[in-house]
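Trainee: how does the following fold in three dimensions:
(2 chains)
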Amino acid sequence: MRRVGGVRTMPLRASWGRGVSLRYGDPQIALGIVFAVLAGLLAGAFVVIGVQAGSEVSEERVHRVGYWLRRRWLVLLVVVGVLVVGISLFDLPFASGGPDGRMVVKVVGGQFFWSLSPDRVPVGTRVRFDVTSIDVIHGFGLYDPRGHLVGSVQALPGYTNALDLTVSEAGVYRIRCLELCGVGHSSMQNTFTVTGR
Amino acid sequence: MAAVAVPAAGVLHPRAASFTVEARAVERRIGFLFAATGIVLIAVMGVLGLVMRLDQATVISISPAWFYRILTLHGAGMIVACVLAGMGGVWYVLHASVPLRVGWMLASYALILAGVVAVLVATLIGGFGAAYTFLPPLPFYPAGQWSMWAVAVFLVGYLLVGAGFMVFCIDVLERTTTRYGGLLRTLGWQYLRGREETAPPPQAIAATVVAIDGLLASVVGSTLLIGLLGHTYAGSAQVDVQVAINLDYFFMHSVANLTIYLAAAVIYVLVPRYAGRPYQTTKVFVAGWTGSLVFIATAYSHHLYMDFVQPAWADVVSETVSYAALIPVAVITIYSMTMLVWGSRYQWTLASTLLYIGFAGWAIGGTGAVIDSIIPFNFRLHNTAWVVAHFHTYLILCVVVWAAAFLAHLLERDAGRSSSRAGRAWTVALILVGGYGLTGTWFVEGILGVPRRYAIQPPGTSGYSLVGSCFGLVLAAGFLSLFVQLALLARDARRRRQSGPVQRQGPDESRHEPVALRVTNGPARVDLPWLGRRSVPLRTPGQLGFAAAACVVGLAAFFPEVVHASETGVRYTHLDNAGVFFFGAMLGLLVGSLPAVSGWLGDRPTLGMATVIAASTLMMLFMVPSIYQHFERHPLVYEYYLVHNAAFGLLAGLGATRLGLVAGRLMFVLSVGMPVMFAAAMK
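Mentor: Residues are numbered from 1 along each chain as shown, chains lettered A, B, ... in the order given. Down below sits the predicted model:
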């Protein structure tokens, strides 16, 4: 564990050089843990059932236990689904309406560059990124100064996608292309500076 | 190795003989042909995948241009390989109740292989590298890497693959619905509503669902591919990117998704053979597959979450559907199969072990997919390595493993033995460790926000690729071991065939007449007496009258005022052309369904199928602006153009009547849908 800008971060970048660091509060950490736990539980269940597959259990017992459990399994999945999908509706990233006092940053993607105007805002600014493309589809991926992916939006030719964010950390943000756009895809980068007040 | 192999009597569960219907030689051969071709393609594409991972790890160095060529080939090849293996499996498991046509299956095989050759040429020689998803308009912005001929060859290759899959789907749909008396019965809805005592066997219901969604995907894909092909012809077809990527993802997501559902249809038959417990259709099963029918066709939109132009309601529906798609899988297919296995004295052979580990691959990979399908999570994971991780988990550790299991099942049956316990253990251990290790590194990279499809990894992250490559090598060793086991089984099977008739559990497979067996999940094989009773799409006077009225309405597309009004834009012109095509197709359906005409046309499903596909395809090619503009030079010539489009429709409608009630109606709707979608994709 180490500290970046006074914040505890996980040493996920391990020992191979300049990588990324995640903060404990980053949503990706929670997702990773949830997935690891679920995958572990599933793997465990398959091991247990696989071990017991060699034994003889009467069909009557298989049906009794199996159907009893299946009803609860179904209810559990439905309840989890309703909760997860329901809660997700309160955190949709889609911008709607006008900029509403936000600073508008025009973002144009092209093979293989990002153009941002302006490319520098003060920390804490509520920003609206108006993202489009002049040629093919690109993916506007915004990485904060720690290298953590804040979020992304597609850049489509002929359309403008609006992404609302509040940049709360000062430093140099990196923009990477997240949609395959041709031979220079992995080098399609630019920076976006958030200055201290 | 052979000395400690499982003896012949132990290949299947002793109880399996009571409900296992043997395949005929032709059914096993076709199944083997498709599965073996699929496995060989998977092996080659797997090596290409490893090459890319080693390049990302900077162990070897290939240029970005070659990286993306290989990426394109790897993705397209893997999907096609899994589809091929799944088709072979479905062919094999359907045989007991619904034999498919050999000719159609071989035609499908030839079309798909021709498509594979075209994709090979486009990528390796033409340098095409827009990934297997070919997101428009990327194919037309090559950045100096490929020529338009390579794009055209790639698109034609995909069209051929799509046509091959379409032939298979029409065959399945036409056969199952004719066999079980209509779509409602085939999907088990009459049984679900309590109107019938029995329902078709699980594999027939699953195959029908796959066929319907497969047809939808193929038709949507073909529409887009032909539109893009027109663009390569003269660059004059201006495609609306937003509509085009909807069509693209509908096509690619559905086909990729269907690989696993094809495999699911197969395991309903194979797993019971090792568990000694028959698997029967229940009402819950029918309800679940009805759900899957809808979910497979509607979940694709989750690929477009980060395209905020897409209506938010579509994203929320897609999110709900994507989660809902998990329920039939988790509650019915995987759960029921583990119920069959639990306490069954499961026969652990190479095939049955691979079948079992496939459940875990689907469940774990599917969990990763569901997490990615929740919009706020997708915002943070979109197009990162997480996506690569989840789909490789269920493709490698479920679909590919099940394809190998199907091949192993055929070979074990022929060889009369399974591979040795040690051989199986090593094979499975290497596949599990290598497979989950490989995908595990992608999951970690996804959490870290490492983008996918990078020829050059972001600084500091190539170490993950190195670890992934090491696991990839372990996985490759596992598959190498698997191929050795399969080769040994194939050798023994050949020796056994050469030494005399193969003795199996159950009846002799060489019998071609119907076999009298107790079949608990469907009727015993019958030699197609039901095929002579093929129905036509319009059966009653009311339906014929409705079609006649629709024809009259369709005539509006010819009115000079309507034609003139449609000339305000490309999209409207195409909508009018689609209307003309609709008129012709409806007229064809009406005329071809008349008893006298139908009798005169005769029972020609192959000709009907070829006509529907060819007429719809040609119609859309003639809608390419650079082609139809030649017809706009003189009003009289343009009138001819309209009549000619109506003639294509007429042929499509007549062809559809040769495909029976359900397949005929569906193909009619889809063939009309193609020019309508084509019009929508234009701007």
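Trainee: what's the helix or strand for B:G472?
Mentor: Assigned by DSSP states H and E, B:G472 belongs to helix B:462-499.
Trainee: which helices and strands does the helix or strand just after that helix pack with?
Mentor: Sequence-wise, the next helix or strand downstream of helix B:462-499 (DSSP H and E) is helix B:541-554. Counting contacts by 3 or more CB pairs under 8 Å, 6 or more residues apart in numbering or on different chains; DSSP states H and E, helix B:541-554 packs against helix B:570-593. Backbone N, C-alpha and C define where each C-beta goes, glycine included.
Trainee: in the helix it packs on, which residues are buried?
Mentor: Using 16 or more other CB atoms under 10 Å in any protein chain shown as the test for burial, helix B:570-593 gives B:570-571, B:573-593.
Trainee: ok and it relative to helix B:541-554, angle-wise?
Mentor: 150 degrees (axes from the mean of the first three to the mean of the last three CA atoms, to 10 degrees).
Trainee: quick one: list the elements packing against helix B:570-593.
Mentor: helix B:541-554, helix B:560-566, helix B:595-601, helix B:625-628, helix B:635-657, helix B:661-681.
Trainee: doesn't A:S96 lie inside a strand?
Mentor: No - counting by DSSP: H, G, I helix; E, B strand; the rest coil, A:S96 falls outside a strand, being coil.
Trainee: show the contacting residues for the residue in chain A that chain B sits nearest to.
Mentor: Using CB to the nearest CB, the single residue of chain A nearest to chain B is A:V57, 2.3 Å away. Listed by CB atoms under 8 Å, 6 or more residues apart in numbering or on different chains, the contact partners of A:V57 are B:W342, B:G343, B:S344.
Trainee: how about the nearest residue to the spatially most central residue of chain A, chain neighbours excluded?
Mentor: Centroid-nearest residue in chain A, with CA atoms, centre = their mean: A:G151, separated by 5.8 Å. Leaving aside its chain neighbours, A:G151 sits nearest to B:F379 (4.8 Å; criterion: CB to CB, 6 or more residues apart in numbering or on different chains).
Trainee: thinking again about what came up before, so what's the residue nearest to the centre of chain A bridging to?
Mentor: A:G151 forms beta bridges with A:L142, as assigned by DSSP bridges.
Trainee: ok, it touching B:F377?
Mentor: No - counting by CB atoms under 8 Å, A:G151 does not reach B:F377; the two are 11.0 Å apart.
Trainee: A:F129: what secondary structure?
Mentor: Secondary structure, three-state DSSP: A:F129 is strand.
Trainee: tell me which parts of the stretch 401-550 of chain B are close to chain A?
Mentor: Within the stretch 401-550 of chain B, the positions near chain A by CB under 8 Å from any CB of the partner chain are B:443-444, B:446-463.
Trainee: buried ones in stretch A:122-140?
Mentor: Of all the residues in stretch A:122-140, those buried under the rule 16+ other CB under 10 Å are A:125, A:127-133, A:135-140.
Trainee: flag the shaky bits of chain A, pLDDT-wise.
Mentor: Low-confidence segments of chain A (pLDDT under 70): A:1-25, A:197.
Trainee: where along it do the helices fall?
Mentor: For chain A, applying DSSP state H gives helices covering A:27-52, A:59-88.
Trainee: redo the helices and strands packed on helix B:570-593 as a markdown table? Include mean pLDDT.
Mentor: Converted to a markdown table, the helices and strands packed on helix B:570-593 look like this (pLDDT from 0 to 100):
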| stretch | mean pLDDT |
| --- | --- |
| helix B:541-554 | 90 |
| helix B:560-566 | 83 |
| helix B:595-601 | 88 |
| helix B:625-628 | 74 |
| helix B:635-657 | 87 |
| helix B:661-681 | 87 |
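Trainee: tell me which of the ones you listed is the most buried.
Mentor: helix B:661-681 (a mean of 24; mean count of other CB atoms under 10 Å in any protein chain shown).
Trainee: quick one, that helix and helix B:570-593 angle?
Mentor: Angle, helix B:661-681 to helix B:570-593, by the same axes, to 10 degrees: 170 degrees.
Trainee: run the angle between helix B:661-681 and helix B:635-657 for me.
Mentor: On the basis of the same axes, to 10 degrees, helix B:661-681 is oriented at 150 degrees to helix B:635-657.
Trainee: tell me what helix B:661-681 is packed against?
Mentor: For helix B:661-681, the elements it packs on are helix B:148-180, helix B:183-186, helix B:202-234, helix B:241-275, helix B:570-593, helix B:605-621, helix B:635-657, judged by 3+ CB pairs under 8 Å, 6+ apart.
Trainee: mind redoing it with 7 Å?
Mentor: Packing contacts for helix B:661-681, counted by 3 or more CB pairs under 7 Å, 6 or more residues apart in numbering or on different chains; DSSP states H and E, involve helix B:148-180, helix B:202-234, helix B:241-275, helix B:570-593, helix B:605-621, helix B:635-657.
Trainee: what angle do the helix or strand following the third one and helix A:59-88 make?
Mentor: Just to be clear, that refers to helix B:241-275. Of the helices and strands lying after helix B:241-275 in sequence (DSSP H and E), the nearest is helix B:283-298. Between helix B:283-298 and helix A:59-88, the angle comes out at 30 degrees (the same axes, to 10 degrees).
Trainee: residues contacting B:V269?
Mentor: By CB atoms under 7 Å, 6 or more residues apart in numbering or on different chains, the contact set of B:V269 is B:V93, B:Q203.
Trainee: just the one 5 residues further on next, same as before
Mentor: B:Y274 makes contacts with B:L12, B:H13, B:Y346, B:Q347, B:T349, B:S352, as judged by CB under 7 Å, 6+ apart.
Trainee: try 6 Å this time
Mentor: With contacts defined as CB atoms under 6 Å, 6 or more residues apart in numbering or on different chains, the neighbours of B:Y274 are B:H13, B:Y346, B:Q347, B:S352.
Trainee: could you tell me which residues make contact with A:A53?
Mentor: B:V341, B:Y346.
Trainee: about what we covered before: and the residue nearest to A:G151, what element?
Mentor: Residue-wise, B:F379 maps onto helix B:375-381 under DSSP H and E.
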